[in-house]
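Chemist: following is a predicted model, sequence given first.
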Amino acid sequence: TYGKGEDIFVIENVPAEVCVKCGEKTYSPEVTDERFEHIISDHPEMSDQIDNIKYTLENPDTVVRSRADSKAELFYRYYSGTPVGVKYMCVILKGTSDDLFILTAYFTDTIKKGETLWIRK
């Protein structure tokens, strides 16, 4: 599971657009201060990463469906300079196209296994 306890923070008005030519999904959620505080409470290294969280959602290198939760999609983007070295940023969106929310965001060395939904070409 993702997150802690019963806390799930919803980010409203998350448009999901799908390109009719290539099928690429584009998400542009607003990351409010309250939601960002939730992320950095678990991952303090993310404190200066608000723009990169948005950029990762808008321009992922790959998107993977979680093996543990079929309603969660993991958006990955490679960054050569982060507070913790060379890493991927992972931003997890969960829900349906009508009700998406950011579950968390963090840096990682690897892309988790799961169904690959999209890869940047």
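Modeler: Ah, there it is. Residues are numbered from 1 along each chain as shown.

Chemist: where does this protein dip in pLDDT?
Modeler: 1-19, 23-32, 97-99 (pLDDT under 70).

Chemist: just give the nearest non-adjacent residue to L117, would you?
Modeler: Closest residue to L117 apart from its sequence neighbours, by Cβ to Cβ, 6 or more residues apart in numbering: V63 at 4.5 Å. From N, CA and C alone the C-beta is placed, and that goes for glycine too.

Chemist: and the one you found, its phi and psi?
Modeler: Backbone torsions of V63, given as degrees, to the nearest 10, read phi -130, psi 130.

Chemist: what is it paired to in the beta sheet?
Modeler: F75, W118 (DSSP bridges).

Chemist: look up how far S47 lies from it.
Modeler: Distance check for V63 against S47: by Cβ to Cβ, to the nearest Å, it reads 25 Å.

Chemist: these two: who's more crowded?
Modeler: V63 (23 against 12; other Cβ atoms under 10 Å).

Chemist: got a list of what the residue nearest the centre of the chain touches?
Modeler: Geometric centre of the chain, nearest residue: V91, 1.9 Å, by Cα atoms, centre = their mean. Applying Cβ atoms under 8 Å, 6 or more residues apart in numbering, we find V91 in contact with I53, T56, L57, L74, F75, I102, T104, A105.

Chemist: so the last one, which state does it fall into?
Modeler: Okay, so that is A105. strand (DSSP: H, G, I helix; E, B strand; the rest coil).

Chemist: what about the helices in this structure?
Modeler: In order along the chain, the chain carries the following helices (DSSP state H): 33-42, 50-58.
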